[in-house]
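Peer 1: Next comes the sequence, and after it the predicted model I'd like to discuss.
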Amino acid sequence: MRETARKTGVRLEHVWKIYDNGYVAVEDVTFEVAEGEFMVLLGPSGCGKTTLLRLVAGLETASRGTIRIGDQVVNDVPPRDRDIAMVFQNYALYPHMTVYENMAFGLKLRRVPKTEIDRRVRAAARVLELEHLLDRRPHQLSGGQRQRVAVGRAIVREPRVFLFDEPLSNLDARLRVEMRAELARLHRELGRTVLYVTHDQVEAMTLGQRIVVLNKGRVQQIGTPLEVYHQPANRFVAGFIGNPPMNFIEGRLEHRDGLRFVGKGGQVQLMLNAADWPKVRPGQAVTLGVRPEAVALATVEEAAVMRGQVETVEVLGAVAHLYVRIGEATVVAQVDASVRPALAQEVALRIDLDRIHLFDAETGQALPRARS
Amino acid sequence: MRRLGLYLLLGIGLVGFAYPFVWMGIATFTPEAEIPELTLLPSRWTLEHYRLVFERIPVWRGLLNSLVVALAVTASVLVFTSMAAYALAKLHWRGRETVFSLILFTLMIPFLLLLIPLYTLVVRLGWTDSLLGLIVPFMMNATGVLILRQSFLTIPRDLIDAARMDGCGELRILFTIVWPLSVPALVTVGLLTFIGSWNEVLWPIIVVREVQWMTLPQLVALFAVGGGAEGQLGPQLAAAFLLALPIVLAYLFFQRYFIQSFATSGLKG
């Protein structure tokens, strides 16, 4: 009974944060995190994602809009009464306290009985493999251990909502992968609502059930990892998610024996299926977007849509990334590493028409595609 | 060879600074007639000077008054200046910079200028001839705010935020998180305040006329200047030595923090 009552979603409605100097950090943001959901706020640095998290935490106050946790509007509720816990990027452990004291501190302030504190701290320490470190101080721990203590400090509180502010960005690559798996497991086990801030798309894709993509304080798209990957709402989302990033080719649409995309300079010519694109106008200036995995070497001459010279080859084991110079632009293609061409070789590329995106050149918005 | 030279130099410096104090200590046990000879080895040792001092002035009472005043002033300065410093370093509010400038500005005002208005105020409040009159005007000082603010600025914002999330109010953050991380700065402010309060002579002389509320430096000053010592050097030195002793002891006890604080202020990671 208590468990279900404590699991609660978060809801932001038209939230703005404008600083005294006039800087707009968050602009009209609306989204909802469902109960028990793992939601990731993703965006480049300075996009307002950390500010959003601090607004939910109560460390900043919203200039406009409402923030709800569960049914309660929390705009004027101080952090300590919001029943949420936060894990900070630089861990923010109390240097003068032991690991045990760090985890117990929040509970002590809430007058949780000593035996209960002890039970919870030891349980969290067991889960996070910190049992042998309980008497150490933060400066005696490695980065990964500190991060686990910070997570432990949040877990023992048994809060309604967990907030994570780039918790893995100070760890080395291997530890990051380990902690990522550990956080995913913790979320499965605890089933609590999580709001997780990161600029790392891999973290966002692997951890998030849904992702809010942010740029310059505004929501760009909200969706599952596959939705934002396969159906980006605009050019920003398309370019931000994916590594190497999506190829963009500027050009315009023409009606000449059917719908045709003509790249600037004319090096790229592509016949489109007009039925796929119900809302386009002839002559419209558009940006063609295509991910490297949808670009391949053309084996039959008719399939080729562009030609160029191989500039760089990155071999990643099973696959290789070809950087092909085509006129002014460079197009990246992901190919089988065993058949990669040599440097400076002339190659012909084809594009998988089912996996292209068109963006309005002016607004950057994705042009809707008819779904068959 | 360079080392030797360095030690020699330091040795000369040490003798230069320590000699007057050592001589003063020895002189208090030297018969009056031999004191002007500046000897470090008197022909015989005497407690006569101390006997006279203890006979003429209420040393224990003065010591107690001084201790009460200095401890009360130091404690309140630590509490109040750290509150102000915390608000200036870690809280955001309109007018913060202005208030900080005003606090800095008070550093430019010599205490002598404030003497008369402060005295009038104390008279109005009826605090003359009481320890209140000696304590209350010094419960806060700008230097302390300045030193502590600089120290608090080095504490990361996330640490304060983490404490807020854990359920701390601002006062609890100050005393359970910020204080333990600022011990050297607090010791510095504490010592400076304690020493300043202990050595204060002018203000007690103005505010207190009754012997029972006089502080030790005041008693010693009146004793030395006011004729109690009958022009003898020995008792005057003995009284002065009694006065300096607690400060020297306090400094020896805290010097580790004192030096640490001055050495690291500003670049504490």
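Peer 2: Structure received.
Peer 1: any idea how far chain A is from the residue nearest to the spatial centre of chain B?
Peer 2: When CA atoms, centre = their mean is applied to chain B, the residue found nearest the centroid is residue B:195 (1.5 Å). Distance, residue B:195 to chain A, by CB to the nearest CB, to the nearest Å: 27 Å. Placement of C-beta: from N, CA and C, glycine included.
Peer 1: so the closest residue to that residue other than its chain neighbours is in which element?
Peer 2: Distance criterion CB to CB, 6 or more residues apart in numbering or on different chains; nearest residue to residue B:195, sequence neighbours excluded, is residue B:247 at 5.7 Å. Element membership for residue B:247, per DSSP states H and E: helix B:233-264.
Peer 1: Does the residue nearest to the centre of chain B belong to a helix, a strand or coil?
Peer 2: Classification of residue B:195 using DSSP: H, G, I helix; E, B strand; the rest coil returns helix.
Peer 1: Hmm, it is touching residue B:248, no?
Peer 2: No: here residue B:195 lies out of contact with residue B:248, judged by CB atoms under 8 Å, at a distance of 10.3 Å.
Peer 1: count of residues packed around residue B:230?
Peer 2: The burial count assigned to residue B:230 is 9, neighbours taken as other CB atoms under 10 Å in any protein chain shown.
Peer 1: hang on, it in a helix?
Peer 2: No: using three-state DSSP, the secondary structure at residue B:230 is coil, not a helix.
Peer 1: so who does it touch?
Peer 2: Contact criterion CB atoms under 8 Å, 6 or more residues apart in numbering or on different chains gives no residues in contact with residue B:230.
Peer 1: Please determine how far it is located from chain A.
Peer 2: Distance from residue B:230 to chain A, by CB to the nearest CB: 56 Å.
Peer 1: Also residue B:134?
Peer 2: From residue B:134 to chain A the distance is 35 Å (CB to the nearest CB).
Peer 1: Which helix or which strand is home to that residue?
Peer 2: Residue B:134 belongs to helix B:131-135, assigned by DSSP H and E.
Peer 1: what helices or strands is that helix leaning on?
Peer 2: Helices and strands touching helix B:131-135, by 3 or more CB pairs under 8 Å, 6 or more residues apart in numbering or on different chains; DSSP states H and E, are helix B:59-90, helix B:202-207.
Peer 1: Looking at these, which is nearest to chain A?
Peer 2: helix B:59-90 (12.2 Å; CB to the nearest CB).
Peer 1: So for the very next helix or strand once past that closest one, what gets flagged as buried?
Peer 2: Downstream of helix B:59-90, the next assigned helix or strand under DSSP H and E is helix B:96-106. Within helix B:96-106, the residues that qualify as buried are B:100, B:103, counting by 16 or more other CB atoms under 10 Å in any protein chain shown.
Peer 1: Same question for stretch A:169-178.
Peer 2: Applying 16+ other CB under 10 Å to stretch A:169-178 flags A:171, A:175-176 as buried.
Peer 1: Going by the annotation, which residue ranges form each domain of chain A?
Peer 2: As given by automatic domain parsing, the domain ranges for chain A are A:2-240, A:247-360.
Peer 1: which of those domains is buried the deepest?
Peer 2: domain A:2-240 (a mean of 19; mean count of other CB atoms under 10 Å in any protein chain shown).
Peer 1: Which helix or strand in the chain has the lowest average pLDDT?
Peer 2: In the absence of a named chain, chain A is used. helix A:2-6 (a mean of 45; mean pLDDT, DSSP states H and E).
Peer 1: and what of chain B?
Peer 2: Per mean pLDDT, DSSP H and E, helix B:233-264 ranks last in chain B, at a mean of 77.
Peer 1: burial of residue B:203, as a residue count?
Peer 2: Residue B:203 - counted by other CB under 10 Å - has 20 other residues nearby.
Peer 1: didn't it look like it was pressed against residue B:135?
Peer 2: No: the criterion here is CB under 8 Å, and residue B:203 misses it with residue B:135 at 10.8 Å.
Peer 1: Among the buried residues of stretch A:169-178, which are located in helices?
Peer 2: In helices, defined here by DSSP state H, the members of these are A:175-176.
Peer 1: of the buried residues of stretch A:169-178, closest to chain B?
Peer 2: residue A:171 (16.3 Å).
Peer 1: May I have the phi/psi pair for the closest one?
Peer 2: Backbone dihedrals for residue A:171, given as degrees, to the nearest 10, come out at phi -100, psi 160.
Peer 1: Return the residues in contact with it.
Peer 2: A:143-144, A:147, A:179.
Peer 1: Kindly report the residues of chain B close to chain A.
Peer 2: Within chain B, the positions lying close to chain A (CB under 8 Å from any CB of the partner chain) are B:156, B:158-159, B:161-169, B:172, B:177, B:180-181.
Peer 1: Give me the buried subset of the residues you listed.
Peer 2: B:158-159, B:161-168, B:177, B:181.
Peer 1: Inside strands: which ones of those residues?
Peer 2: The strands, defined by DSSP state E, take in nothing from these.
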